[in-house]
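Asker: Give me a 3D structure for the following:
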Amino acid sequence: MAEFLLKDIVQKKGIQDRFFIASAATSTEEIGNGVHYGTRNKLARYNIRCDGHHARQMTREDYEEYDLLIGMDSANVRNMTRIAGGDPEHKIHKMLEYVYDGPGFPPEYVPDVADPWYTDNFDETYDDISRGLAGMLKKLGY
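Answerer: Predicted coordinates for the structure are as follows:
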């Protein structure tokens, strides 16, 4: 969801040429699968396309290739750090870190994006991701 929502946002802002956006799994359960029907349905309500996408596994090379790697929850961040062999360049972040950011807000208290796999609430997930992406783009100066 985050990949396609961010692609849509940067395209609408006319800054898509400044970004290379992709997503990757931190576990192997969904490798090769397409976008979940709940996510497809939610994105379709906003005319955001996600067809043709199939899940792939994050690799260590992704750490070198990308400037930012954004995890949706603490488990993602932990797995991303393990796959990358650490985070010496501080590229790995939690999505809602860009919402709950400020003096005195400990990173360990940053909430996870609501996971619709467990909640079946794609609206809440979309809202969390939207807020996180808005905060991230603001922090990047967009």
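Asker: Quick one: name whatever helix or strand follows the lowest-mean-pLDDT helix or strand in the chain.
Answerer: Across the helices and strands of the chain, mean confidence by mean pLDDT, DSSP states H and E is lowest for helix 116-119: a mean of 89. Following helix 116-119 in sequence order, the next helix or strand is helix 122-139 (DSSP states H and E).
Asker: neighbouring contacts of that next one?
Answerer: Around helix 122-139, the neighbours that count as contacts under C-beta atoms under 8 Å, 6 or more residues apart in numbering are 1-2, 5-6, 9-10, 38-39, 41-42, 68, 70, 72, 95-99, 101, 113-116, 119. Where you see a C-beta, it was placed from the backbone N, CA and C, and this is true even at glycine.
Asker: Kindly report the same for stretch 39-57.
Answerer: Identification of contacts with stretch 39-57 by C-beta under 8 Å, 6+ apart yields 1, 3-5, 7-8, 23-25, 28, 30-35, 116, 122-123, 125-126.
Asker: how about a cut-off of 10 Å?
Answerer: For stretch 39-57, the surrounding residues in contact (C-beta atoms under 10 Å, 6 or more residues apart in numbering) are 1-5, 7-9, 11, 22-36, 62, 83, 116, 121-123, 125-126, 130.
Asker: tally of neighbours for Asp120?
Answerer: 10 (other C-beta atoms under 10 Å).
Asker: Thanks again, I'm all set now.
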